[in-house]
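# Show me the folded form of this:
(2 chains)
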Amino acid sequence: NAGVTQTPKFQVLKTGQSMTLQCAQDMNHNSMYWYRQDPGMGLRLIYYSASEGTTDKGEVPNGYNVSRLNKREFSLRLESAAPSQTSVYFCASSERWDRVFELFFGSGTQLSVL
Amino acid sequence: AQSVAQPEDQVNVAEGNPLTVKCTYSVSGNPYLFWYVQYPNRGLQFLLKYITGDNLVKGSYGFEAEFNKSQTSFHLKKPSALVSDSALYFCAVRDRDDYKLSFGAGTTVTVRA
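Predicted coordinates:
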């Protein structure tokens, strides 16, 4: 089972460039999430999608947009990258956001913005 | 507001010795509590969770955690650590009336042979 698949694994951008991080899950989960991981700060929620057709802001949404393309796919877009967005990005999914289901994570995207 | 504190950035133990990773939390209501583990260059993997009931929760790979409401703690434990337990461990909390899952900063565990 693939679980949660993220692409790309690594990316280097120049300030002001744009890019889209792709995420797909094959577990028929309803809810999907985007987190960023920074040293000493744990994981912070950027955006989440409770179900297909809905998206909501998390703790740190500024500078990002998301699209829930269908039940399987949830993409994260940086329109104009900034050095403060250098981080490791994780996509995750769960059966439902409002029940106590564990999250399943992708392997991450390491992004550097120069 | 809810928060999680992992007071130790690093924990070093010898293989075969007991392992404890500390976690304290703050929520306005009753908590759901989780432990996740991250191996190098991998995403986080679920270890165990506390919802209600028995304060001692058993999880994957021989790990367990004890919920202590009076001390607002949820420490992760393993009776006999393995070198393969070396990883980054995250505690997380969610208020029962909220969707948001808050993670601690993580504790790096190193088990030496």
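# residue contacts, residue 103?
Using chain A here. For A:L103, the contact set (CB atoms under 8 Å, 6 or more residues apart in numbering or on different chains) comprises A:Y33, A:A92, A:S93, A:S94, B:Y36, B:L44, B:F46, B:L101. In short, each C-beta sits where N, CA and C put it, glycine included.
# looking at chain B here, not the other one
Counting by CB under 8 Å, 6+ apart, B:F103 makes contact with A:G42, A:L43, A:R44, B:V4, B:Y36, B:F90, B:C91, B:A92.
# What residues does chain B have near chain A?
By the criterion of CB under 8 Å from any CB of the partner chain, the positions of chain B lying close to chain A are B:4, B:9, B:32, B:34, B:36, B:41-46, B:49, B:51, B:90, B:94, B:99-106.
# If we use 7 Å, what do you get?
Contact residues (CB under 7 Å from any CB of the partner chain) of chain B with chain A: B:32, B:34, B:42-44, B:46, B:49, B:51, B:90, B:99-100, B:103-106.
# Just the ones of the contacts of A:L103 in strands?
A:Y33, A:A92, A:S93, A:S94, B:Y36, B:L44, B:F46 (DSSP state E).
# Chain B: strands as residue ranges?
Using DSSP E, the strands of chain B run over B:3-5, B:10-14, B:19-21, B:24-26, B:31-38, B:44-50, B:56-58, B:64-68, B:73-78, B:87-95, B:102-103, B:107-112.
# got these as CSV, with mean pLDDT columns?
Output for these, formatted as CSV (pLDDT from 0 to 100):
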stretch, mean pLDDT
strand B:3-5, 93
strand B:10-14, 97
strand B:19-21, 98
strand B:24-26, 95
strand B:31-38, 94
strand B:44-50, 93
strand B:56-58, 95
strand B:64-68, 96
strand B:73-78, 98
strand B:87-95, 93
strand B:102-103, 90
strand B:107-112, 96
